[in-house]
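K.L.:
Next come a sequence and a model predicted from it.
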Amino acid sequence: MRKAVIPGSFDPVTLGHVDVIERAARLFDDVVVAVLANDAKRPLFSIEDRIDMVRASLADQANVSVTSFSGLLADFCTAQGADAVVKGLRSAVDAEVEMQMAHMNRHLSGVETILLSTSAGLSFVSSSLVKEIARMGGDISGLVTAYVQERLRPRDDRAV
Ligand code: PNS
């Protein structure tokens, strides 16, 4: 029984995240999406909303669960009995940052990290760019699910 943890801020979840989660779910028996509950990062969405959007963005995946975590990822992985951390890799810049975290997490708890290259058509997608584009009225279809798109729509745009 192989278990993976996919950590992140998911503020909000993008189609890039969904791609990595779905691919990890085919490689592992059990996948836990762990949403960081850390107000220091000043997220746009509450932890409850971010979890809700991840759940709503995943097609029925029997072996995927979504939860929050705080503190060290290494400690969370130990508590979960996880075999690996899985993360998406979009670019060489990502690789540098992710390699350092992978080494640190392995140093702290022995947990392995598996970096999945994101699908080519999604390698430019990030939560921060999606938020910026949405804020300025740009088109975010194809970057997030319809559910997240609705949540990012400016309030005065919504039907009452
Ligand atoms: O989606 P993000 O914001 O890029 O995800 C970053 C995340 C949550 C994976 C990273 O910040 C993290 O692991 N935070 C938990 C605290 C921790 O363990 N820090 C040391 C990392 S080596």
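P.N.:
Perfect, thanks for sending it. In this text, all values refer to a predicted model and were calculated from it rather than measured experimentally. Residues are numbered from 1 along each chain as shown.

K.L.:
so which helix or strand takes in residue 125?
P.N.:
Assignment of secondary structure by DSSP states H and E places residue 125 within no helix or strand.

K.L.:
actually residue 23, not the one I typed
P.N.:
Here residue 23 is assigned to helix 15-27, by DSSP H and E.

K.L.:
just checking, what packs against the very next helix or strand once past that helix?
P.N.:
Downstream of helix 15-27, the next assigned helix or strand under DSSP H and E is strand 30-36. Under the contact criterion of 3 or more C-beta pairs under 8 Å, 6 or more residues apart in numbering; DSSP states H and E, strand 30-36 touches strand 3-8, helix 15-27, helix 47-57, strand 64-69, helix 73-80. C-betas here are computed from N, CA, C, even on glycine.

K.L.:
now those as JSON lines including distance to residue 154 and mean neighbour count?
P.N.:
As requested, those are exported to JSON lines (distance: least, C-beta to C-beta, whole Å; neighbours: other C-beta atoms under 10 Å):
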{"stretch": "strand 3-8", "distance to residue 154": "25", "mean neighbour count": "23"}
{"stretch": "helix 15-27", "distance to residue 154": "21", "mean neighbour count": "19"}
{"stretch": "helix 47-57", "distance to residue 154": "16", "mean neighbour count": "19"}
{"stretch": "strand 64-69", "distance to residue 154": "26", "mean neighbour count": "18"}
{"stretch": "helix 73-80", "distance to residue 154": "33", "mean neighbour count": "18"}
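
K.L.:
Against residue 101, how distant is residue 41?
P.N.:
According to C-beta to C-beta, to the nearest Å, residue 41 stands 15 Å off from residue 101.

K.L.:
These two: which has the busier surroundings?
P.N.:
Shown here are residue 41 and residue 101; by other C-beta atoms under 10 Å, residue 101 has more neighbours (15 against 9).

K.L.:
tilt between the helix or strand where residue 101 lies and helix 73-80?
P.N.:
Residue 101 belongs to helix 92-109 when assigned by DSSP H and E. Taking axes from the mean of the first three to the mean of the last three C-alpha atoms, to 10 degrees, one finds helix 92-109 and helix 73-80 inclined to each other by 60 degrees.
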